[in-house]
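Engineer: give me the fold of what follows.
(chains A, B, C and D)
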2 protein chains.
Amino acid sequence: MPWCDPSARTSRQRRCGTKVATSRKPGDVRERLDFASAGKNPWMTGTNDTGEARSMGNAGPQTAIGKRVTASDVAREAGVSQSTVSRSFSDDSRISAATREHVRDVATRMGYTPNALARSLITSRSGMVAVIVTRQSILAMPEMLTAISQALGRRGQRMLLFSPADESDVQNAVSEAWSYPLEGAISCVTLTAEHLDGFRMNRIPVVLYNRRARGLADSVCTEHHAAAARLADRLWEAGHRSFLCLAGPADAPVGHERAEGFSARLEELGAVRPRSVVTDFSYAGGRAAMLDALGASPAPDAVFCVNDQLAMGATDALRYDLGLAVPQDVSVVGFDDVPEAARPSYLLTTVRQDLGALAENAASLLDDRSRAPDSPLRDLDVRGELVERQSARF
Amino acid sequence: MPWCDPSARTSRQRRCGTKVATSRKPGDVRERLDFASAGKNPWMTGTNDTGEARSMGNAGPQTAIGKRVTASDVAREAGVSQSTVSRSFSDDSRISAATREHVRDVATRMGYTPNALARSLITSRSGMVAVIVTRQSILAMPEMLTAISQALGRRGQRMLLFSPADESDVQNAVSEAWSYPLEGAISCVTLTAEHLDGFRMNRIPVVLYNRRARGLADSVCTEHHAAAARLADRLWEAGHRSFLCLAGPADAPVGHERAEGFSARLEELGAVRPRSVVTDFSYAGGRAAMLDALGASPAPDAVFCVNDQLAMGATDALRYDLGLAVPQDVSVVGFDDVPEAARPSYLLTTVRQDLGALAENAASLLDDRSRAPDSPLRDLDVRGELVERQSARF
DNA sequence: CTGAAAGCGCTTACAG
DNA sequence: CTGAAAGCGCTTACAG
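Structural biologist: Here you go, the predicted model:
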């Protein structure tokens, strides 16, 4: 069992720890990581590479860590100065084509790539943008991440991801982020004035994503309030008169904006302000909240959920837990238009967030702020489009 | 419209470009980013911050980019040497408590945080681990990312995410990754021997995630083959005799392993090798493939899909497109156990991947390899647990 | 076109 | 305990 070598004390303690989750909910799985007893543990087996595999030549394990090939190494090998190596990797340097080609050849052979971060020290351009987003948001809407990653990629920037467990863990994420020479930060969590100050003092542009900055930073935001109001209009116009609102966590601005836009519009239309239930943003939360809400009260004409996860949970609670038909008995509408919303089991009426536009605009705001640090702050709105499917009676 | 200032030529070209997607599939949304005509474009509005908001004091925009506060700035302000500032931020330095406190106070006031990358230049520890994973994988299983992020976080490392559009775009992702002083790389895409060589030459440990390295790197992998075989056993034992396999893309090792494990086992059991259909890994792909496969042929007893997205697509095709009942007419099984698989509309029988264990082991392998560069390569297997729900007749 | 040298922001021996 | 200095891997004036 060389892969669990008892002589490597420190690492062994980590590797060979036993970790057995004991929960026994239906469908749950035992998590077993008992490396110490791996030999007799059918849950995990380790196999060393075979002699055959290792004899494949260049396939052996590394011989030293932290010995990155440097420009000086290449310079020595290529018989030029280190400056020349550097210039060979900079497109706008006046350098002879022959030299460049030679140096590049040698570099390729040695596996040399300029260290972007040593470079960033001198150019002040690290290419790294911190993206701060809760784990829950990633799970609920992963396309948000891929869209941001792509938008940054188009600008030659890369995403350094900080994903706090929830909004209360943001402080740590921000502190960590600060230790990197960032070109910018996109925050999908609420930042305090202190956080924004920290970025400002280090001259790091910040864009708030899907929340407003109250004049403390640039922001890009789906027009939660207005889109939710349109949803209210549409339901009202179709004859719905009683409503329930699954509003998300009490402290989440996105949910609050959406719930508020919906409720305020209904009041304008003459309805009583709908009952609002505080939840989280998850499927399970929506299902539980729905079940709970209809335990005592009669079913409303329509349920507005501040995101699609909640809406799917609410739908399943209505159908499978309460025996009600959607939309015949109750209309359900959500917000986001995640891919699952379009599937035949939900066919959710919802508001599509344009994640591509949000991401593109966030990256663009960062860009602009770098070029013009003193220009006025900007808050961009991105239209949310009503997508009518069959989860609501129209 | 200062937020679309025509004088800023370069950035304007980027910002004010018109981009109108013309696709008109059902449920699709027009993507409008016509910044140039924003004033009259109801899809996007820009508002500058108000004078009031800006008068809030420390809330003004940044005054210069790339002027991070440095240790020297703090040293000057605190009346100590730059070395002392450095020591104040290193826990194991012998320095007087009073000095440390004073320096830290000044640093906090100035918004100073040591630049982790300048530090990495000298310590060879950047704390950054590249994670390479296709966009599609992120969308299909975002928990994979959050699990990796957490496992790295526990070790004080951070994830630098590279997400190629697909496996053919990996080359770019790898080249980009190489330019960072990585402490390691976790690859959820197949790497060529050349890629692995590049990492090796730069002494960067690599762990392959859910694919084997053929003796060229460490790896951690769900035991796709064995788990799929158990699924085959279970279906056979329950009386299923004819099978269809939705196998994923032809070049994807994960799908191949699973399909192969399933088919090989059935052959051992005496069944004819099931028909295998090449698809992608998506819900839409599964739905289309299922529809297509049953256009001509009779329905099989059971459909094995190499991941849950395919299985959900296949289920919906059977139910909504073909009018068949799952599991009464056809059993459907998947692989992964994504959260949606447990919902009442699918209740998918599947194999749970232990994403936490995969991530923890990947991070751990990286760790071990750093400590012992020359130790034998290791391939770890993580058990996949069969989760029986109601999408298959047992 | 090319090289020697300075300097980006740090850490860490080396002196005191 | 503290400071001056060297050096991590680069880029970029400055000379030639």
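
Engineer: find the nearest non-adjacent residue to A:Gly356, please.
Structural biologist: Leaving aside its sequence neighbours, A:Gly356 sits nearest to A:Ala147 (CB to CB, 6 or more residues apart in numbering or on different chains; 5.3 Å). (C-beta placed from N, C-alpha, C; glycine too.)

Engineer: what parts of the stretch 101-250 of chain A come near DNA strand D?
Structural biologist: A:Tyr112, A:Pro114, A:Asn115, A:Ala118, A:Arg119, A:Leu121, A:Ile122, A:Thr123 (CB under 7 Å from any atom of the strand).

Engineer: if I look at the residue nearest to A:Gly356, how far off is A:Ile186?
Structural biologist: Relative to A:Ile186, A:Ala147 is positioned 11 Å away (criterion: CB to CB, to the nearest Å).

Engineer: between those two, who's got more neighbours?
Structural biologist: A:Ile186 (25 against 21; other CB atoms under 10 Å in any protein chain shown).

Engineer: I'd like to know how many residues surround A:Asp92.
Structural biologist: Other residues close to A:Asp92 by other CB under 10 Å number 6.

Engineer: just give the number of residues close to the residue nearest to A:Gly127 when sequence neighbours are not counted.
Structural biologist: Excluding the flanking residues, the one nearest A:Gly127 by CB to CB, 6+ apart is A:Gln157, at 5.2 Å. Applying other CB under 10 Å, we find 21 other residues in the vicinity of A:Gln157.

Engineer: wait, A:Gln157 touches A:Ala363, no?
Structural biologist: Yes. The criterion here is CB atoms under 8 Å, and A:Gln157 meets it with A:Ala363 at 7.4 Å.

Engineer: so what sits against both of the two?
Structural biologist: Taking CB atoms under 8 Å, 6 or more residues apart in numbering or on different chains as the criterion, A:Gln157 and A:Ala363 both touch A:Val129.

Engineer: close to chain B: what parts of the stretch 201-350 of chain A are there?
Structural biologist: Contact residues, the stretch 201-350 of chain A versus chain B (CB under 8 Å from any CB of the partner chain): A:201-205, A:214-216, A:283, A:312, A:316, A:319-320, A:337, A:339-340, A:342-346.

Engineer: 10 Å - rerun?
Structural biologist: Residues of the stretch 201-350 of chain A lying near chain B by CB under 10 Å from any CB of the partner chain: A:201-206, A:213-220, A:223, A:226, A:282-284, A:287, A:309, A:312-313, A:315-317, A:319-321, A:337, A:339-347, A:350.

Engineer: restricted to strands, list the residues you listed.
Structural biologist: A:Val206, A:Asp218, A:Ser219, A:Val220, A:Thr350 (DSSP state E).

Engineer: just send the residues you listed back as CSV, with pLDDT too.
Structural biologist: Below are those laid out as CSV (pLDDT from 0 to 100):
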residue, pLDDT
A:Val206, 96
A:Asp218, 96
A:Ser219, 96
A:Val220, 97
A:Thr350, 98
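
Engineer: just name the shakiest helix or strand of chain A by mean pLDDT.
Structural biologist: Lowest by mean pLDDT, DSSP states H and E among the helices and strands of chain A is helix A:51-54, with a mean of 27.

Engineer: briefly note if the next helix or strand after it comes near DNA strand C.
Structural biologist: Moving toward the C-terminus from helix A:51-54, the next helix or strand (DSSP states H and E) is helix A:71-78. No. Judged by CB under 7 Å from any atom of the strand, helix A:71-78 makes no contact with DNA strand C; its nearest approach is 7.6 Å.

Engineer: got the contact list for helix A:71-78?
Structural biologist: For helix A:71-78, contacts defined as CB atoms under 10 Å, 6 or more residues apart in numbering or on different chains pick out A:67, A:69-70, A:80-86, A:88-89, A:99, A:102-112, A:114-115, A:118.

Engineer: what comes up buried for it?
Structural biologist: A:Ala71, A:Asp73, A:Val74, A:Ala75, A:Glu77, A:Ala78 (16 or more other CB atoms under 10 Å in any protein chain shown).

Engineer: same thing with stretch A:342-355?
Structural biologist: Under 16+ other CB under 10 Å, the buried positions of stretch A:342-355 are A:342-343, A:345-355.

Engineer: for it, what is the distance to the chain centroid?
Structural biologist: Distance, stretch centre to chain centre, for stretch A:342-355: 19 Å (CA atoms, centre = their mean, to the nearest Å).

Engineer: can you check stretch A:288-301 too?
Structural biologist: In terms of CA atoms, centre = their mean, the centre of stretch A:288-301 is set 32 Å apart from its chain centre.

Engineer: and it, what's buried?
Structural biologist: Buried residues in stretch A:288-301, defined by neighbour count with 16+ other CB under 10 Å: A:Ala288, A:Ala289, A:Met290, A:Leu291, A:Ala293, A:Leu294, A:Ala299, A:Pro300, A:Asp301.

Engineer: ok, now stretch A:323-331?
Structural biologist: A:Leu324, A:Val326, A:Pro327, A:Val330, A:Ser331.

Engineer: ok so, going back, which residues touch the residue nearest to A:Gly127?
Structural biologist: Neighbouring residues of A:Gln157 by CB under 10 Å, 6+ apart: A:125-129, A:149, A:151, A:182-184, A:363, A:366-367.

Engineer: for stretch A:125-142, list the C-alpha coordinates in CSV.
Structural biologist: Extracted in CSV, the C-alpha atoms of stretch A:125-142 (Å, rounded to 0.1, in the frame of the first residue of the first chain):
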residue,chain,number,x,y,z
ARG,A,125,-2.1,43.6,-15.6
SER,A,126,-2.7,40.3,-14.0
GLY,A,127,-5.6,39.3,-16.2
MET,A,128,-7.4,37.9,-13.2
VAL,A,129,-10.9,38.9,-12.2
ALA,A,130,-12.4,37.7,-9.0
VAL,A,131,-15.9,36.4,-9.2
ILE,A,132,-17.7,36.1,-5.9
VAL,A,133,-20.8,34.0,-5.9
THR,A,134,-22.4,31.7,-3.3
ARG,A,135,-22.4,28.0,-3.8
GLN,A,136,-26.1,28.0,-3.9
SER,A,137,-26.2,30.4,-6.9
ILE,A,138,-23.7,28.2,-8.7
LEU,A,139,-25.9,25.2,-8.1
ALA,A,140,-29.1,26.9,-9.1
MET,A,141,-27.8,28.6,-12.1
PRO,A,142,-24.4,27.4,-13.3
